[in-house]
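Q: kindly return the folded structure for what I paste below:
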Amino acid sequence: MKFLATTPGDNPIDETIDTVVKSSNYFVRWWNSINWTEIISLIMTKAIFLLLTLLLFFLIKKIITFLMKRTFERKRNKMDFSSSRRSTIYKMLENAFSYTLAFFFIYTVLSILGIPISTLIASAGIAGLAIGLGAQTFINDIVNGFFILLEDQFDVGDSVTIGDFSGKVVSIGLRSTQLQGFDGTHHFLPNHTIDVISNNSRNNMRAMIEIHLPADTDFDQVRQILEKVNKQLVPNFPEIVSGPSYIGPHNAPNGLLTMKVVFYTLNGQQFNVHDHFLAKYLDVLGENGITLPKQSIVG
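A: Numbers count the residues shown, from 1 in each chain. Model (predicted):
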């Protein structure tokens, strides 16, 4: 049997082993060339700066919030505003401060991490256009919210109707207004969508009861009965500002005549007054033998 003599470079296995060894040596040299001390020092330094930044902004927020609250508390009796308007102004200032502080906090954190903010903004391109459009809506929200506050269109706690939504104003922010509907639903309305506002909490409200009666009814008797009931009940309702006033009889559909009794009450109390007086009217009229048609009560 004859054996062929070969040199080390002629064996493919040896060549593969040499390649692996060379690659391994290259990785080891690269690994050893890393200045781990400098990297760990850099990470620890940035972590400490981030922690100090977080602590600093937290303290700033606490201090400014405390000073704002204390200022509003001390000047509460000197402000020619209602309590709900003071709450609205305070909430708006608090939101403005929170947004401003959040912006500077994010900018500071990104700067500590070494992210070039100005370069990112300058090279945003199409993304910058999208951000610009979003910023336009955001600015519209803020401007509209500012004028809502400046013109005193409504305050926290007011009962309002805005578009298709009705309820009590829970909060007025820089971007949105929150309403709690009478059924408990919580509505968030962007300020730029607020157009027509109906405020139900600014003036005395009317409670009007319309009683439809047959044309042959003795309206003098009905008037006397209603006046007697009103003399008994009105002293028990201090929320009645003026009234009652009597209107009628007037023509009504289906050959009937209508008698109206009108009260003006403190805001929000009109429904309570309406329901109590209506129930009493029905009882007393029935007791006096006055027959009411099915469609006799309106409003």
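
Q: over to the spatially most central residue of the chain: give its phi and psi.
A: With distances taken as CA atoms, centre = their mean, the chain has residue 178 as the residue nearest its mean C-alpha position (2.7 Å). Backbone torsions of residue 178, given as degrees, to the nearest 10, read phi -110, psi 130.

Q: and for residue 289?
A: According to degrees, to the nearest 10, the main-chain angles of residue 289 amount to phi 80, psi 20.

Q: and the pLDDT for it?
A: Residue 289 is assigned a pLDDT of 79 by the prediction.

Q: next, count neighbours for it.
A: Here the number of neighbours of residue 289 (other CB atoms under 10 Å) works out to 7. (Each C-beta comes from the backbone N, C-alpha and C, glycine too.)

Q: please report how far the residue nearest to the centre of the chain lies from residue 159.
A: Residue 178 sits 14 Å away from residue 159 when distances are taken as CB to CB, to the nearest Å.

Q: still on that earlier bit, quick check: the residue nearest to the centre of the chain vs residue 72, distance?
A: On the measure of CB to CB, residue 178 and residue 72 end up 21 Å apart.

Q: next one: residue 53
A: Taking CB to CB, one finds residue 53 at 29 Å from residue 72.

Q: neighbours of residue 223, how many?
A: 15.

Q: do residue 236 as well
A: 8.

Q: and if you look at the one 5 residues further on?
A: Residue 241 has 13 neighbouring residues, counting by other CB under 10 Å.

Q: and residue 39, by the same measure?
A: 10.

Q: report the secondary structure state of it.
A: helix (DSSP: H, G, I helix; E, B strand; the rest coil).

Q: the residue lying closest to residue 271 once chain neighbours are set aside bridge partners, please.
A: Of all residues not flanking residue 271 in the chain, residue 207 sits nearest, at 7.4 Å (CB to CB, 6 or more residues apart in numbering). For residue 207, the beta-bridge partners under DSSP bridges are residue 263.

Q: just checking, residue 207 touches residue 263?
A: Yes: between residue 207 and residue 263 there is a contact under CB atoms under 8 Å: 4.4 Å.

Q: shared neighbours of those two, anything?
A: 270, 273-274, 277 (CB atoms under 8 Å, 6 or more residues apart in numbering).

Q: list the contacts of residue 201.
A: 154, 157-160, 267-268 are the contacts of residue 201 under CB under 8 Å, 6+ apart.

Q: who wins for neighbours among these?
A: Result: residue 154 is most packed of the contacts of residue 201 (other CB under 10 Å), 26 neighbours.

Q: how near is that residue to residue 96?
A: From residue 154 to residue 96 the distance is 19 Å (CB to CB).

Q: same check, this time on residue 289
A: 66 Å.

Q: same question, residue 66
A: 17 Å.

Q: and residue 145, by the same measure?
A: 10 Å.

Q: could you pull out the helices for the protein?
A: 12-33, 36-74, 83-112, 117-122, 126-150, 219-233, 270-287 (DSSP state H).

Q: so which elements touch the second one?
A: Applying 3 or more CB pairs under 8 Å, 6 or more residues apart in numbering; DSSP states H and E, one finds that helix 36-74 contacts helix 83-112.

Q: residues near residue 238, how many?
A: 10.

Q: look up how far residue 159 lies from it.
A: From residue 238 over to residue 159 (counting by CB to CB), the distance is 20 Å.
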